[in-house]
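>>> Okay, structure incoming, though there's no sequence with it:
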């Protein structure tokens, strides 16, 4: 995005039917996923009545994300990416159907519920790296960034609408209706993936007609201070201050356990996130990306510490909205920095590492928060988590000068539109 352009570019939806189908399918599946997430949270709380139980959801999702996310990165650079996403989407659909079936059967075994959640997460993690490569293959080079921005906004919209819809669905019907909604959404996503063209990896070939993936994703992250500093900042914020597992406990203690209020707590994070996402063009014009990420992550921790002390509902929702906006700014700047600082030959591996940290960190953070709250209180867990995150982020800032002083490189004057090989870097700059 250049000049005074600050808002969304919708050209990808008009220029590529395949991308449009993918975007619609992905948007619908994200909405269904958010509805199911709330249902799982509420059902586990109903079965256990314990923050340890809701925290275990983070463990059931975080561990499969770590184990299968990196394997998915290797698959994405080895076999037909469309085939990988087809198979993993089918797995997610079956897991959603299983969740619906156990709810209809009035399942009282929380381990069965968590096992189904873990299965769906494993399928999602296995297909995520391949799915992230689709916009680059479906769009012209100068529209890839706009396509990724559209995908980000649809995710934020799902985070905003999904929890509120889940609260209404669960209150009016039951958990099975929420899981059935997810299954229908995954079927729509499956239809979109089936219609995509084949997407064999491009690059140097290897024996057997398969591409031998480049190695060294973790190694290059650890060797480059900007990369490990950026990822350590994100991990500090999410592992130490993730609040989602504590929402049912906070809702019961402060707001009489109303399921619609639980939906509002979840949606509040997305309100700030979608507002920041719609104005993300402003953030991308700030060249001090490392400093912006560090500052935004610190605001996230502070807002959640304040949420731990907030009494009135309006104040609690306001703190969560600020946290959501800060999280979006941090994610946007981190994504740009990672893409720009990673050599093209390693972008698949490093993107896989980034994905695992970005998704598994929050889930493990939920487990940490729930476990601590079970022995103390929700307020203590939230406040100490937020303050601990601020201290950890400050430590990264003090010890990592490269990240602290990082500046986004300016685009060369008169530079041509990026080609396929460079679109990942362009996407990082514009999203």
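On my side now, so go ahead. Computed from a predicted structure; not experimentally measured. Numbers count the residues shown, from 1 in each chain.

>>> Strands along the stretch 301-431 of the chain, start to end?
For the stretch 301-431 of the chain, applying DSSP state E, counting those that start in this stretch gives no strands.

>>> tell me the centre residue of this structure?
Most central in the chain under CA atoms, centre = their mean is residue 359, positioned 5.5 Å from the mean C-alpha point.

>>> list the contacts for that one?
62, 65, 69, 125, 128 (CB atoms under 8 Å, 6 or more residues apart in numbering). Every C-beta, even on glycine, is put in place using the N, C-alpha and C of the backbone.

>>> can you rerun that using 10 Å?
For residue 359, the contacting residues are 61-62, 65-66, 69, 121, 124-125, 128, 238, by CB atoms under 10 Å, 6 or more residues apart in numbering.

>>> So what's the gap between stretch 12-31 and the chain middle?
Once both centres are worked out by CA atoms, centre = their mean, to the nearest Å, stretch 12-31 turns out to sit 18 Å from its chain's centre.

>>> With stretch 376-384 instead?
24 Å.

>>> Then stretch 313-321?
With CA atoms, centre = their mean as the basis, the distance from the averaged C-alpha position of stretch 313-321 to the chain average is 21 Å.

>>> for this protein, which helix is longest?
Of all the elements of type helix in the chain, the one with the most residues (DSSP state H) is helix 17-48.

>>> helix or strand right after it?
Beyond helix 17-48 in the direction of the C-terminus, DSSP states H and E gives the next helix or strand as helix 51-76.

>>> can you give me the helices in the stretch 151-300 of the chain?
Listed in chain order, the helices of the stretch 151-300 of the chain (DSSP state H, counting those that start in this stretch) span 175-194, 217-223, 225-241, 247-255, 259-278, 280-284, 289-309.

>>> Give me the angle between the fifth one and helix 17-48.
Computed with axes from the mean of the first three to the mean of the last three CA atoms, to 10 degrees, the direction of helix 259-278 lies at 150 degrees from that of helix 17-48.

>>> pLDDT on helix 259-278, on average?
When pLDDT is averaged over helix 259-278, the result is 79.

>>> Can you give me the buried ones in that helix?
Applying a neighbour-count criterion of 16 or more other CB atoms under 10 Å, the buried positions in helix 259-278 are 259, 261-274, 276-278.

>>> Could you measure from residue 377 over to residue 240?
17 Å (CB to CB, to the nearest Å).

>>> cool, residue 362 as well?
11 Å.

>>> now residue 311
Applying CB to CB to residue 311 and residue 240 gives a distance of 24 Å.

>>> Can you give me the neighbour number for residue 166?
Neighbourhood size, residue 166 [other CB atoms under 10 Å]: 32.

>>> what's the answer for residue 256, then?
Residues lying near residue 256 (other CB under 10 Å) number 8.

>>> Next up, phi/psi of it, please.
Residue 256 adopts backbone torsions of phi 60, psi 20, taken as degrees, to the nearest 10.

>>> for residue 386, what are its contacts?
The neighbours of residue 386, taking CB under 10 Å, 6+ apart as the test, are 237, 240-241, 243, 298, 300-309, 319, 323.

>>> Counting neighbours, what do you get for the closest residue to it other than its chain neighbours?
Nearest non-adjacent residue to residue 386, counting by CB to CB, 6 or more residues apart in numbering: residue 305, 3.0 Å away. When counting by other CB under 10 Å, one arrives at 22 neighbours for residue 305.

>>> what's residue 305 in contact with, if anything?
With contacts defined as CB under 10 Å, 6+ apart, residue 305 is in contact with 241, 319, 323, 379, 382-390.

>>> Which of these ranks first by neighbour count?
Neighbours were tallied for each of the contacts of residue 305 (criterion: other CB under 10 Å), and the maximum of 33 neighbours falls on residue 241.

>>> just checking, that one touches residue 387?
Yes - in this structure, residue 241 is within contact of residue 387 by CB atoms under 10 Å, at 8.6 Å.

>>> joint contacts of the two?
Listed as contacting both residue 241 and residue 387 by CB under 10 Å, 6+ apart are 301-302, 304-305, 308.

>>> Just the buried ones from those residues, in ChimeraX syntax?
Selecting the buried subset of those in ChimeraX, with 16+ other CB under 10 Å as the burial test, is done by:
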select :301,302,304,305,308
